[in-house]
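Chemist: just need the structure, nothing else, for what follows:
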Amino acid sequence: MTKKFADRIGASLGGTRPLADSGQIPFEHQIGQTGCTIRPKICISVGASGAIQHTEGIKDTKLMIAVNRDETAPIFNIADYGFVCDLRELLEAFLE
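Modeler: Numbers count the residues shown, from 1 in each chain. Alright, predicted model coming up:
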């Protein structure tokens, strides 16, 4: 669903090291200290906890939007806007 969402809004898809390690995304799309650094105008982080290893790769984002069901997730400390909700429900609603 995340890929469909990215395609729908014309976005690129990147992710955290656990996603790359599990083969869910190619290593080239890993963002963070052991991946690549990006400087997007808008970054929509869906489900990422906000561990420093990942956020170092997105720290120069102009507008950060975070979606996580854990209201205490560190990603909200760097987000301009945050949504505390279930990722699957949000993406399903958007894709309808």
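Chemist: quick check: buried residues in the worst-scoring helix or strand of the chain on mean pLDDT?
Modeler: One helix or strand of the chain scores below all others by mean pLDDT, DSSP states H and E: helix 52-55, with a mean of 89. For helix 52-55, the neighbour count (16 or more other C-beta atoms under 10 Å) marks 54-55 as buried. Where you see a C-beta, it was placed from the backbone N, CA and C, and this is true even at glycine.
Chemist: neighbouring strands - and their directions - for the following helix or strand past that helix?
Modeler: Next in sequence after helix 52-55, counting helices and strands by DSSP states H and E, comes strand 63-68. Next to strand 63-68 in the sheet, as set by DSSP bridges, lie strand 42-46 (parallel), strand 81-84 (parallel).
Chemist: may I have the shortest one exported as CSV, CA atoms only?
Modeler: Listed next in CSV are the C-alpha coordinates belonging to strand 81-84 (Å, rounded to 0.1, in the frame of the first residue of the first chain):
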residue,chain,number,x,y,z
TYR,A,81,2.9,17.8,11.3
GLY,A,82,2.1,14.5,13.0
PHE,A,83,-0.7,12.1,12.7
VAL,A,84,-1.3,9.5,15.4
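Chemist: helices or strands next to the helix or strand following that strand in the packing?
Modeler: Using DSSP H and E, the helix or strand that follows strand 81-84 in sequence is helix 87-95. Helix 87-95 makes packing contacts with helix 2-9, strand 42-46, strand 63-68 when contacts are defined by 3 or more C-beta pairs under 8 Å, 6 or more residues apart in numbering; DSSP states H and E.
Chemist: residue contacts, Gln33?
Modeler: By C-beta atoms under 8 Å, 6 or more residues apart in numbering, Gln33 lies in contact with 52-54, 56-57.
Chemist: now, which of those residues sits nearest Cys85?
Modeler: His54 (20.0 Å; C-beta to C-beta).
Chemist: neighbours around the nearest residue to the closest one once chain neighbours are set aside, how many?
Modeler: Counting by C-beta to C-beta, 6 or more residues apart in numbering, His54 lies nearest to Gly32, which is 4.2 Å off, once chain neighbours are set aside. Gly32: 22 surrounding residues under other C-beta atoms under 10 Å.
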